[in-house]
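Peer 1: Build me a model:
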Amino acid sequence: MQENNLKRKVISGLFWRYMERTLAQGIQLLVTIVLARILMPEEYGTVALVSVLINIALVFVQNGFGNALIQKADADSTDFSTAFYFSLGLSLVIYLILFVTAPYVSAFYKNSALTALVRGLSVSIIIASIGTVQHAYVSRTMQFRKFFFSTLTGTIVSAFTGIGAALMGLGAWALIIQQLTNQCIDTLILWFTSGWRPTREFSMKSLKHIYGYGWKLLLSGLIDTVYSNLYTLIIGKKFSAGDVGYYEKGRQFPALIIMNVNATIQSVLFPALSSQQSDRARTKAMTRRAIKTSTFVIFPCMAGLSVIARPLVVLVLTEKWLPAVSYLRFFCLIYAIWPVHTANLQAINALGRSDIFLKLEIIKKTLGITVLFITIPMGLRAMMIGSCIVCYIGMILNASPNIKLLNYSLVELARDLMPSALLSAFMSAVILCAGSFIGNDLIKLLVQTLLGVCVYAGTAALIRAESFIYIMDTIRGIGKKRG
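Peer 2: Numbers count the residues shown, from 1 in each chain. The predicted structure follows:
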């Protein structure tokens with residue numbers, strides 16, 4: 001009975017989180033298209049440089065402590081309130097530091113406009129600190145339906161404010177206004193609907209326990225965030241703001257897809273695995289299912305997006321964004337295996353082994369930084385090739401601890417990935433050949449997209465692929481339950 005109840009919660013959570021991410025990212029995609037036609041690549045690049053600093057700062061208020069609250073079996077009101085007050089206080093200190101150092105950032109990039117932009121976007125750190133514990137509480141209690149309404153409302157309201165600001169000629173500020181509006185609305189709705197409020201409690205003992213688990217994840221997140229944004233920093237310094245804009249826009253399209261699946265897995269799988277951490281066989285089965293199901297969806301999306309990249313960019317963003325095509329294809333290769341990274345790492349965290357998580361991050365990022373600095377003199381293309389190689393080596397490294405922890409071998413992992421990989425390769429070959437006979441970009445895009453869906457789904461149904469059957473059975477089960 002308990003297992004069935006958990007399964008229902010996981011499926012329900014996956015449904016609401018996936019719907020949330022799909023609708024929100026769909027709206028965000030439309031907004032991105034509109035803003036990309038109004039704004040210039042240089043303006044996108046300028047905001048991307050500012051976002052690097054903010055993303056790094058956000059790690060200190062978002063990473064580690066939320067997961068510690070979810071993972072702790074007996075977390076109570078004191079734990080949540082302690083984490084809330086500590087996170088809020090820390091965010092104010094970080095904001096003050098960024099406010100004071102903003103002129104130095106401008107001097108480093110030789111762009112005086114960055115000072116005001118850094119100070120403006122830094123407000124998001126304070127907003128994030130207020131929402132972090134709310135997100136942890138909703139995730140721990142698996143009330144994922146609340147995320148659906150908060151995220152969707154914030155995305156819709158911010159879409160209008162961002163586009164309105166761009167039409168008013170605010171340039172880079174339009175992107176910042178959009179982001180801050182989205183974050184404020186999302187946080188406010190969760191605050192009033194989650195059912196949790198901070199009490200007048202603060203315990204150093206509680207903080208020590210939370211910090212004992214969370215600091216390793218925080219440091220891991222910091223390493224990962226710095227590394228992930230290192231390319232943006234180097235491109236902005238060594239090349240130009242325009243190149244940063246092309247790089248970020250090339251990343252944005254595949255990221256819109258992967259974030260739907262990856263964020264869903266991360267938010268639902270971690271609390272589910274944490275509740276089953278004493279049952280290693282059950283944890284392994286859930287991890288494998290997450291990997292097989294997510295890659296069944298992601299592999300064809302990334303493969304197909306890589307094939308249709310050029311006509312998509314030309315039609316949607318106009319030809320001024322054509323240099324982003326090559327970046328887009330590289331990111332399709334990188335993001336295709338992100339769900340594999342996520343599922344393996346979430347299993348490690350759920351078992352309480354944040355020490356292993358930290359060691360993995362140090363090893364992977366040391367390798368990545370070494371490869372990055374080797375490839376910088378060779379140019380942007382060599383940097384992206386190096387990034388792809390590091391990502392696939394990282395997948396093996398992330399899976400390795402689970403050989404012992406879950407008895408989940410690399411051979412089993414390869415078998416879990418192979419069906420979706422082969423189906424995606426076959427689908428890509430078919431639509432690539434079909435596109436070679438079509439000259440018009442719009443017709444090519446429509447034909448290749450529709451043909452890709454039909455070929456992949458049709459072939460999966462024909463050979464009765466396990467993940468296809470599982471997904472269809474799950475959809476039918478949800479339909480019957482709601483019926």
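Peer 1: pLDDT score for Q62?
Peer 2: With respect to pLDDT, Q62 scores 71.
Peer 1: what about the residue lying closest to V50 once chain neighbours are set aside, helix or strand, and which?
Peer 2: Among residues not flanking V50 along the chain, L117 sits closest, at 4.7 Å (CB to CB, 6 or more residues apart in numbering). To be clear about C-beta, it is placed using only N, CA and C from the backbone, and glycine gets the same treatment. L117 belongs to helix 114-121 when assigned by DSSP states H and E.
Peer 1: who are the neighbours in contact with G245?
Peer 2: 40-45, 48 (CB atoms under 8 Å, 6 or more residues apart in numbering).
Peer 1: Please repeat the previous calculation with a cut-off of 10 Å.
Peer 2: Residues counted as contacts of G245 (CB atoms under 10 Å, 6 or more residues apart in numbering) are 36, 39-48, 235-236, 320-321, 323-324.
Peer 1: Would you agree the residue nearest to V50 is in contact with V52?
Peer 2: No: L117 is beyond contact range of V52, at 11.8 Å (criterion: CB atoms under 10 Å).
Peer 1: More neighbours: which of the two?
Peer 2: Neighbours per residue (other CB atoms under 10 Å) separate L117 from V52, with L117 holding more: 23 against 20.
Peer 1: For that one, give me the pLDDT.
Peer 2: L117 is assigned a pLDDT of 91 by the prediction.
Peer 1: Please tell me how far it sits from K110.
Peer 2: 14 Å (CB to CB, to the nearest Å).
Peer 1: residue ranges of the strands in the protein, please?
Peer 2: With strands called from DSSP state E, the chain shows none.
Peer 1: one step back: using PDB, write down the CA coordinates of the helix holding L117.
Peer 2: Provided in PDB are the C-alpha atoms of helix 114-121 (Å, rounded to 0.1, in the frame of the first residue of the first chain):
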ATOM      1  CA  LEU A 114      27.200  47.000 -16.500                       C
ATOM      2  CA  THR A 115      27.300  48.900 -13.100                       C
ATOM      3  CA  ALA A 116      23.500  49.700 -13.100                       C
ATOM      4  CA  LEU A 117      22.600  46.300 -14.600                       C
ATOM      5  CA  VAL A 118      24.500  44.400 -11.900                       C
ATOM      6  CA  ARG A 119      22.900  46.400  -9.100                       C
ATOM      7  CA  GLY A 120      19.400  46.000 -10.600                       C
ATOM      8  CA  LEU A 121      19.600  42.200 -11.300                       C
END
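Peer 1: Which residues does that helix contact?
Peer 2: Helix 114-121 has contacts (CB under 10 Å, 6+ apart) with 46-47, 49-51, 53-54, 57, 95, 98-108, 111, 172-173, 175-177, 179-180.
Peer 1: make it 7 Å
Peer 2: For helix 114-121, contacts defined as CB atoms under 7 Å, 6 or more residues apart in numbering pick out 46-47, 49-51, 53-54, 98-99, 102-103, 105-106, 172, 176.
Peer 1: can you pick the most crowded of those?
Peer 2: The most crowded member of the contacts of helix 114-121, judged by other CB under 10 Å, is V50 (27 neighbours).
Peer 1: Contact partners for that one?
Peer 2: Contacts of V50 by CB under 7 Å, 6+ apart are 114, 117-118, 121.
Peer 1: Mind putting those residues into a markdown table with distance to G352?
Peer 2: Below are those laid out as a markdown table (distance: CB to CB, whole Å):
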| residue | distance to G352 |
| --- | --- |
| L114 | 41 |
| L117 | 40 |
| V118 | 37 |
| L121 | 35 |
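Peer 1: ok, of the residues you listed, which come out buried?
Peer 2: Among these, those scoring as buried are 114, 117-118, 121 (criterion: 16 or more other CB atoms under 10 Å).
Peer 1: From the centroid of the protein, which residue is nearest?
Peer 2: M259 (4.2 Å; CA atoms, centre = their mean).
Peer 1: returning to that earlier point: out of the contacts of V50, which is nearest to L372?
Peer 2: For the contacts of V50, the residue nearest L372 by CB to CB is L114; the value is 23.3 Å.
Peer 1: what does the model give that closest one for pLDDT?
Peer 2: 87.
Peer 1: Please report the distance of it from M40.
Peer 2: 16 Å.
Peer 1: cool, T153 as well?
Peer 2: In terms of CB to CB, T153 sits 30 Å off from M40.
Peer 1: got the buried residues for stretch 375-388?
Peer 2: In stretch 375-388, counting by 16+ other CB under 10 Å, buried: 375-376, 380, 383-384, 386-387.
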